[in-house]
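Engineer: build me a structure from this.
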Amino acid sequence: MAHIVAVSVSEKKGMRKTNVNEVILEVESGIKGDAHAGSWHRQVSLLAQESIVKMQNLGLDVHAGDFAENLTTEGINLVSLSVGTKLQIGESTLLEVTQIGKVCHERCTIYYQAGDCVMPKEGIFVRVLTGGRLVPQDKITVLGKIKL
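Structural biologist: Predicted coordinates for the structure are as follows:
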């Protein structure tokens, strides 16, 4: 079963995120109190625990939040999703995939802190369609491309 492993936030962009017990997602904004929140297409970032394990297997001491992802997932192949796919997380939160991976024009703080960065290749970004509270262990359901 696909689920959330960790929820994380930061006050500044380009930094490792701190794991917290819960986050509040706000419609068309993102995670309350996170540096990436705002009216744009990359409101919330997701990275699979499986991607983090790949980096750990290369000898890096990295954990959930270290690649600046807001939501660390497990049991879902994030990069296989397509833009427009809807994800329901927890009881009522609805997210829409807006971007797969990203272009890093220069090596960021994360690269220098972690020694590599999997976010450009394996991270995804979403916007918040229906807000709510998320906590680790919340179930993730792929709804596909649906019209609201």
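Engineer: and the strands in this protein?
Structural biologist: Using DSSP state E, the strands assigned to the chain run over residues 3-9, 18-20, 23-26, 30-31, 44-48, 71-74, 86-89, 93-100, 124-130, 132-134, 140-144.
Engineer: tell me the most buried of those?
Structural biologist: strand 30-31 (a mean of 27; mean count of other C-beta atoms under 10 Å). The C-beta positions use only the backbone N, C-alpha and C, and glycine is treated the same way.
Engineer: pLDDT (mean, whole number) over it?
Structural biologist: For strand 30-31, mean pLDDT is 98.
Engineer: other residues contacting that strand?
Structural biologist: Applying C-beta atoms under 8 Å, 6 or more residues apart in numbering, the contact partners of strand 30-31 are 7, 9, 23-25, 36-38, 43-44, 70, 127-128.
Engineer: sorry, back to before: now the strands of the chain in a markdown table, with distance to residue 62?
Structural biologist: What follows is those, written out as a markdown table (distance: least, C-beta to C-beta, whole Å):
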| stretch | distance to residue 62 |
| --- | --- |
| strand 3-9 | 12 |
| strand 18-20 | 13 |
| strand 23-26 | 20 |
| strand 30-31 | 21 |
| strand 44-48 | 11 |
| strand 71-74 | 11 |
| strand 86-89 | 23 |
| strand 93-100 | 21 |
| strand 124-130 | 18 |
| strand 132-134 | 22 |
| strand 140-144 | 22 |
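Engineer: looking at those strands, which has the lowest confidence?
Structural biologist: Minimum mean pLDDT among the strands of the chain: strand 140-144, a mean of 92.
Engineer: now that strand and strand 3-9, what's the angle there?
Structural biologist: 100 degrees (axes from the mean of the first three to the mean of the last three C-alpha atoms, to 10 degrees).
Engineer: direction included, what does strand 140-144 pair against?
Structural biologist: Sheet partners assigned to strand 140-144 using DSSP bridges are listed as strand 86-89 (antiparallel).
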